[in-house]
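[1] Got a predicted model here, sequence first, then my questions.
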Amino acid sequence: MPVEDEVVHWWKDDKGEQHRTILRVESDAPTTSNGFPRDGLVTVRVMNTVGQAAIKLNPDEALRLSSQLMSVAKEMLNQKRKMWRERD
C-alpha cells in the first residue's frame, strides 16, 4: 500500500506542549478476482500521539470526498479574500 501523500500538522495544547497529527493518503491498485476487475482502494489515515484511525474508500467515494473538500476550501478562500477587500 504505497503512501500517496502525507500532511503533518503541528499544534500546541493548552499547556503549550507540541503535538503532531498526520493525515496520510494511501492507495491499493485495482485487482482482478475470478477474472473480474475490482476497484482499487484509497485509504485515508489519521494518526496522532494517542492512536490512529483509517477509512477505506472506493474510487467513487474518494472522488466525492475530494470534490467536497475542494468546494469547501475554495469557498473559504473566497470569503477571506472578500474580507480583505472590505478591510482595505
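    Arrived safely.
[2] in this structure, which spans are helices?
    Secondary structure of the chain (DSSP state H): helices at 59-87.
[3] Which segments of this protein make up each domain?
    Domain segmentation of the chain under automatic domain parsing yields 1-57, 59-88.
[4] Could you export those domains as a markdown table, including mean pLDDT and mean neighbour count?
    Heads up, the C-betas are built off the backbone N, CA and C, glycines and all. Below are the domains of the chain laid out as a markdown table (pLDDT from 0 to 100; neighbours: other C-beta atoms under 10 Å):
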| stretch | mean pLDDT | mean neighbour count |
| --- | --- | --- |
| domain 1-57 | 95 | 11 |
| domain 59-88 | 96 | 10 |
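[5] Please report how far the closest residue to His9 other than its chain neighbours lies from Gly40.
    The spatially closest residue to His9, leaving aside those adjacent along the chain, is Thr21, at 4.7 Å (C-beta to C-beta, 6 or more residues apart in numbering). Using C-beta to C-beta, to the nearest Å, Thr21 is found at 26 Å from Gly40.
[6] hang on, Arg24 packs against Asn48?
    No - at 11.6 Å, Arg24 does not count as touching Asn48 under the criterion of C-beta atoms under 8 Å.
[7] Please give me every residue in contact with the residue nearest to His9.
    Residues counted as contacts of Thr21 (C-beta atoms under 8 Å, 6 or more residues apart in numbering) are Val8, His9, Trp11, Val46, Met47, Asn48.
[8] isn't the second one right next to Arg20, touching?
    Okay, so that is His9. Yes - between His9 and Arg20 there is a contact under C-beta under 8 Å: 7.2 Å.
[9] hang on, the earlier thing: just the ones of the contacts of Thr21 in strands?
    When the contacts of Thr21 are checked against strands (DSSP state E), the matches are Val8, His9, Trp11, Val46, Met47.
[10] could these go into CSV alongside distance to Ser66?
    Output for the ones in strands among the contacts of Thr21, formatted as CSV (distance: C-beta to C-beta, whole Å):
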residue, distance to Ser66
Val8, 20
His9, 19
Trp11, 24
Val46, 16
Met47, 20
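[11] just those now: which is nearest Ala54?
    Val46 (7.4 Å; C-beta to C-beta).
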